[in-house]
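[1] Got a sequence here, can you build the structure:
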Amino acid sequence: MRTQHVNADSGGRSKGIRHMPSPALRPAHARGAPPRSTRLPARFARYFWDCDVATLNLTVHGAHIAGRILRYGDPAAVRWLLRHLQPEALRVVVRTSRQLDNKTRAYWRIMLHDHASAHRCVAADSAPAL
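    As a prediction, the model looks like this:
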């Protein structure tokens, strides 16, 4: 799988966002639910201060949107995210996103019941420093 770095010259998409195609990062409507808009609501623009919110959508920028909302989002933003992304997609973001600090990552591991990832990371975090 190839990772693409997108810059401002690439069709108006947001600068510096890493796009990693993943079947788990499909919007919720891909799993049989009625189609919903994949556009980010304007009321969440405050979480994307460095991006052009008009160009963000879950299909292309799902990992970036999820990481920001999981880190900075209020309860309304988190509810929106939970309705629009699959739980496994959120678990992938929690495991891999560089936007999340350790405390936020641990919280979302518990909330999303990602126990396999939590055990693996706790073991690595509890190793003595050399």
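
[2] Torsion angles phi and psi at Asp101?
    phi -80, psi 170 (degrees, to the nearest 10).

[3] State the distance from it to Gly67.
    11 Å (CB to CB, to the nearest Å). C-beta coordinates here come from the backbone N, C-alpha and C atoms, glycine included.

[4] And the helices in this protein?
    With helices called from DSSP state H, the chain shows them at 58-72, 75-84, 87-96, 102-111, 115-125.

[5] deepest of those helices, which one?
    Highest mean neighbour count among these (mean count of other CB atoms under 10 Å): helix 58-72, with a mean of 22.

[6] thinking again about what came up before, can you tell me which of the helices of the chain is nearest to Arg43?
    Set against Arg43 and scored by CB to CB, the helices of the chain come closest in helix 75-84, at 7.8 Å.

[7] on that earlier part again, please identify the one among the helices of the chain that comes closest to Ala42.
    That would be, of those and by CB to CB, helix 75-84, which comes in at 12.0 Å.

[8] Who are the packing partners of that closest one?
    In this structure, helix 75-84 makes packing contacts with helix 58-72, judged by 3 or more CB pairs under 8 Å, 6 or more residues apart in numbering; DSSP states H and E.
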